[in-house]
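J.: sequence first, then the predicted structure:
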Number of protein chains: 2
Amino acid sequence: MTIGETAAVLRENNDYLIITHLRPDGDTMGSASALCYALRKIGKTAYLYNNPQFEDSYPWLAEPYLAPEGFNAKYIVCVDMADEKLFPEGFKGTADLCIDHHPSNTFYAKNTLLWPEKASCGEIVMELVKELCGLDPEVSDLLYVAVSTDTGCFVYGNTTAETLKAAAELCFAGARNAYLNKILFRTSSKARLALEALILSSFLYFHEGKTVISVVTKEMLDKAGAQEKDCQDIAALPGRVEGAFTSVTIKEIDANSCKVSLRTNGIVDANKVCAVFGGGGHKMASGCTMDMEAYKAAKVLADIIGGEYK
Amino acid sequence: MTIGETAAVLRENNDYLIITHLRPDGDTMGSASALCYALRKIGKTAYLYNNPQFEDSYPWLAEPYLAPEGFNAKYIVCVDMADEKLFPEGFKGTADLCIDHHPSNTFYAKNTLLWPEKASCGEIVMELVKELCGLDPEVSDLLYVAVSTDTGCFVYGNTTAETLKAAAELCFAGARNAYLNKILFRTSSKARLALEALILSSFLYFHEGKTVISVVTKEMLDKAGAQEKDCQDIAALPGRVEGAFTSVTIKEIDANSCKVSLRTNGIVDANKVCAVFGGGGHKMASGCTMDMEAYKAAKVLADIIGGEYK
């Protein structure tokens, strides 16, 4: 669907429930909150599904929009969600509209607004908000969170001239970028900083340093006193090593499973590697879960990645 | 002077030597290289003064523009330089034109193009380049380096809607932001990462955590195998601690002197504190040199800063 068609559908319906993906990030939360705000501004009843994992992300973003107990949704919108697997329990098959920027989107919703060249879902929701009610300072803040977090504050390879233009437009409309940047990118708990120190001193190197793997064990988290909320974007750390083509962060879940985040310079297709284990995402950034011990997973992934350089 | 007046002066003269400040950063180097490129494009002879400290910064930026031995400059331009104290030896009193964005500029040059509300000197040079010859991909790369490095890739508090708009314009004109960001912000030597691990685990806390001081000793540098070029922007690290109002990085020079970088949220005036020791800069980011042992300097600064909260 186009922006205009999507806006028309949203004007026609009511009683919206907006759903964010599992392990919510700033893009899904900022996009959902901004859409909820805009729908309310045009007179609709709209709420966010109370994702139990908000607590580990940016709960203050979602808080004003959470659905009350027993809210009877008539139209379900999910944002920044490529696959129904990322839906919370009990909502599979219910999506009326999906707004997304992932090229791997599986078109599971009745209607889909997909713009795969956008760095963030927030940029798509921004166009929709402009169509529905225009930008004001409050919605610009929410959209700025979405756009900036999905680009690491405009530093990741997905950032385009269009992304920067959108960010400028949000700031001209009143987004408090300096205030938000401080919270989102420049404030870390002492536990997070302790965890980073441990991670930065424990990288594993493969393929003459082209592959850098960071294994983050529960023991490291305990030592640093770090919780889930202290682990945001730790997957960016191994990619900082000079000469790294492919970086992997493997987070131990338990003795037999771990969560993998893979980032590449494009030579290795991250989506393809993660698909081997039932995961996916983008060519340069993907994720999966592996049912094995974390250091074993490092060895298995290193072997697969090594084959991809040839 | 205005952009138009400055452009007129630059069209009238010839045989330019462009001077960058001591301890050159991306803004002074990118601004100088871009100006040199633009002057050559309009047919002028123009070179960069061969700052001996380029090696510790981004030598590849300056390399195509370095003045040959015995070049006889007729017009001297300095960029991003607030004070003649930052001039290299032998050039004091020679500046024909200064292009700068520091509010603390002392108007030491014959002519000054000062735009203190700009986040970077690069944004001023960008307007000048547009007036002289227009933006092309090559000069846009150089200007992107200037604008992005002085804002920490658009994350620092100095980043405005105008900064993001300028960055978008540079990217539309061909600046390779993803490629440059990877080099400038997302690639670290192993020594740098080892140094960061040491820094992140050795912060000193004062005033209930409102002041965080990082002392970086020569011993830490040795342990990490880090050189000057591995120390870029380490002053941003202590400011990341949750609850920090003021962050200080003190780099040991020898047993009796150290280099101080002070960053604040504005409650403490960094410029005022650094002025006590003959330094200065901006209200939220300033520097100075102190003639005492590094941990002693930490105590002295903590006392002064503590007084400023009252």
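T.: Received it, and whenever you're ready, just let me know what you need. Residues are numbered from 1 along each chain as shown, chains lettered A, B, ... in the order given.
J.: contacts, neighbours, all on C-alpha from now
T.: Fine.
J.: quick one: the helices in the stretch 151-300 of chain A?
T.: A:161-172, A:177-185, A:190-200, A:218-224, A:270-275, A:294-308 (DSSP state H, counting those that start in this stretch).
J.: and of those, who's closest to B:Gly26?
T.: Of all these, helix A:161-172 sits nearest to B:Gly26, with 19.8 Å by C-alpha to C-alpha.
J.: what mean pLDDT does the closest one have?
T.: On average, the pLDDT along helix A:161-172 is 98.
J.: which other helices and strands contact it?
T.: helix A:137-150, helix B:161-172 (3 or more C-alpha pairs under 8 Å, 6 or more residues apart in numbering or on different chains; DSSP states H and E).
J.: next, the buried residues of the shortest one.
T.: Right, helix B:161-172. B:Ala161, B:Glu162, B:Thr163, B:Leu164, B:Lys165, B:Ala166, B:Ala167, B:Ala168, B:Glu169, B:Leu170, B:Cys171, B:Phe172 (16 or more other C-alpha atoms under 10 Å in any protein chain shown).
J.: with the first one instead?
T.: With burial defined by 16+ other C-alpha under 10 Å, the residues of helix A:137-150 counted as buried are A:Val139, A:Ser140, A:Asp141, A:Leu142, A:Leu143, A:Tyr144, A:Val145, A:Ala146, A:Val147, A:Ser148, A:Thr149, A:Asp150.
J.: what's that helix packed up against?
T.: helix A:26-41, helix A:121-132, helix A:161-172, helix A:177-185.
J.: so for B:Lys44, which of those helices sits nearest?
T.: With C-alpha to C-alpha as the criterion, B:Lys44 lies closest to helix A:161-172 of the helices and strands packed on helix A:137-150, at 31.0 Å.
J.: counting neighbours, what do you get for whichever residue of the stretch 51-200 of chain A sits closest to chain B?
T.: Per C-alpha to the nearest C-alpha, A:Ala197 is where the stretch 51-200 of chain A lies closest to chain B, at 4.1 Å. Residues lying near A:Ala197 (other C-alpha atoms under 10 Å in any protein chain shown) number 21.
J.: nearest spatial neighbour of it, skipping sequence neighbours?
T.: B:Ala197 (4.1 Å; C-alpha to C-alpha, 6 or more residues apart in numbering or on different chains).
J.: need the contact list for that neighbour.
T.: For B:Ala197, the contact set (C-alpha atoms under 8 Å, 6 or more residues apart in numbering or on different chains) comprises A:Glu196, A:Ala197, A:Leu198, A:Leu200, A:Ser201.
J.: just the pLDDT at it, thanks.
T.: 96.
J.: using JSON lines, please lay out the helices of the stretch 151-300 of chain A together with distance to B:Gly307.
T.: JSON lines is the format used below for the helices of the stretch 151-300 of chain A (distance: least, C-alpha to C-alpha, whole Å):
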{"stretch": "helix A:161-172", "distance to B:Gly307": "35"}
{"stretch": "helix A:177-185", "distance to B:Gly307": "25"}
{"stretch": "helix A:190-200", "distance to B:Gly307": "25"}
{"stretch": "helix A:218-224", "distance to B:Gly307": "33"}
{"stretch": "helix A:270-275", "distance to B:Gly307": "53"}
{"stretch": "helix A:294-308", "distance to B:Gly307": "50"}
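J.: looking at those helices, which is closest to A:Phe107?
T.: Nearest to A:Phe107, of the helices of the stretch 151-300 of chain A and by C-alpha to C-alpha, is helix A:270-275 at 17.5 Å.
J.: buried ones in that closest one, by neighbour count?
T.: Buried, per 16+ other C-alpha under 10 Å, within helix A:270-275: A:Ala270, A:Asn271, A:Lys272, A:Val273, A:Cys274.
J.: residues in contact with the helix or strand of chain A with the lowest mean pLDDT?
T.: Least confident helix or strand of chain A, by mean pLDDT, DSSP states H and E, is strand A:280-281 with a mean of 86. Contacts with strand A:280-281, where a contact means C-alpha under 8 Å, 6+ apart, come from A:Ala82, A:His102, A:Pro103, A:Ser104, A:Ala270, A:Asn271, A:Lys272, A:Cys274, A:Ser286, A:Gly287, A:Cys288.
J.: in its sheet, what does that strand sit against?
T.: Paired strands of strand A:280-281, with direction, are strand A:285-290 (antiparallel) (DSSP bridges).
J.: C-alpha coordinates for the partner strand, CSV please?
T.: Presented in CSV, the C-alpha positions along strand A:285-290 are these (Å, rounded to 0.1, in the frame of the first residue of the first chain):
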residue,chain,number,x,y,z
ALA,A,285,22.6,-7.3,10.1
SER,A,286,20.7,-10.4,11.1
GLY,A,287,19.9,-12.6,14.1
CYS,A,288,19.1,-16.1,15.1
THR,A,289,18.8,-18.4,18.1
MET,A,290,21.1,-21.5,18.2
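J.: quick one: that strand to helix A:294-308, angle?
T.: Interaxial angle, strand A:285-290 versus helix A:294-308 (axes from the mean of the first three to the mean of the last three C-alpha atoms, to 10 degrees): 130 degrees.
J.: ramachandran angles for A:Asn14?
T.: phi -160, psi 180 (degrees, to the nearest 10).
J.: so, in contact with chain B or not, stretch A:215-229?
T.: No: against chain B, stretch A:215-229 shows no contacts by C-alpha under 8 Å from any C-alpha of the partner chain, the least distance being 10.4 Å.
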